[in-house]
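*Asks:* sharing a sequence plus its predicted fold:
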Amino acid sequence: MSPRRVRAESDAVGRRDRPLRITVDGEPVDGITGQTIAGVLLAADRLAWRRGRSGAPRGVFCGIGVCFDCLVTVGDERDVRACRRRARDGDMVTTQSRGPTPDLPGEAEPEPEASPEPRTAPAPETLPESEAVPESEAVPEPDQVTGRRQAPVGRETSDPSATEER
């Protein structure tokens, strides 16, 4: 197989692509001058080169440098977006996972996070029956998810902010 995607003898445009070789996690990968690191990896059938916190494989998502899914380490430079960095012959690329890696110099083991105290809702106050507001006059509480006030039962409307009876 030729390192070129289009063989020189059948290239109607007459490109003069120069092959290059980068090393990814100790494995040589061939590409063409002008390709991004992500392009070289994708052309070598590597669709994912790191893992997220959940362990899911990550590679190129947006391809334009917005999402940070394609982060790699190039030489000593961490957090390089592979879709934005042009590959250079001889680049030493190391894949990385999300979070600090203790095997790199200058980085310590992450400290375990303290578990947060469980949050409990305060107990509802109860009023004596003589002071209680009749349910028909009560102001609805905001919904926990949307923050909108919900119409009391029996007053369903298409407009959740409407409180007048029809």
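*Replies:* Thanks, I have it.
*Asks:* tell me where the protein has helices.
*Replies:* 37-43 (DSSP state H).
*Asks:* any chance you could map the strands in it?
*Replies:* 19-24, 27-32, 48-51, 57-59, 71-74, 77-81, 92-95 (DSSP state E).
*Asks:* helices or strands up against the third one?
*Replies:* What that stands for is strand 48-51. strand 57-59, strand 71-74 (3 or more Cβ pairs under 8 Å, 6 or more residues apart in numbering; DSSP states H and E). No exception for glycine: its C-beta is placed from N, CA and C like everyone else's.
*Asks:* pick the most deeply packed of the ones you listed.
*Replies:* strand 71-74 (a mean of 19; mean count of other Cβ atoms under 10 Å).
*Asks:* that one packs against which elements?
*Replies:* Short answer (3+ Cβ pairs under 8 Å, 6+ apart): strand 71-74 packs on strand 48-51, strand 77-81, strand 92-95.
*Asks:* report the buried residues of the first one.
*Replies:* So the one you mean is strand 48-51. Counting neighbours by 16 or more other Cβ atoms under 10 Å, one finds that the buried residues in strand 48-51 are 49, 50.
*Asks:* rewinding a little: right, so of the helices and strands packed on strand 71-74, which gets closest to residue 23?
*Replies:* strand 92-95 (5.2 Å; Cβ to Cβ).
*Asks:* and that closest one, average pLDDT?
*Replies:* The average pLDDT within strand 92-95 is 95.
*Asks:* so what touches it?
*Replies:* 22, 23, 24, 25, 37, 49, 50, 72, 73, 74, 75, 82 (Cβ atoms under 8 Å, 6 or more residues apart in numbering).
*Asks:* now with 10 Å?
*Replies:* 22-27, 29, 37, 40-41, 46, 48-51, 58-59, 71-76, 78, 80, 82, 85, 87, 101, 104 (Cβ atoms under 10 Å, 6 or more residues apart in numbering).
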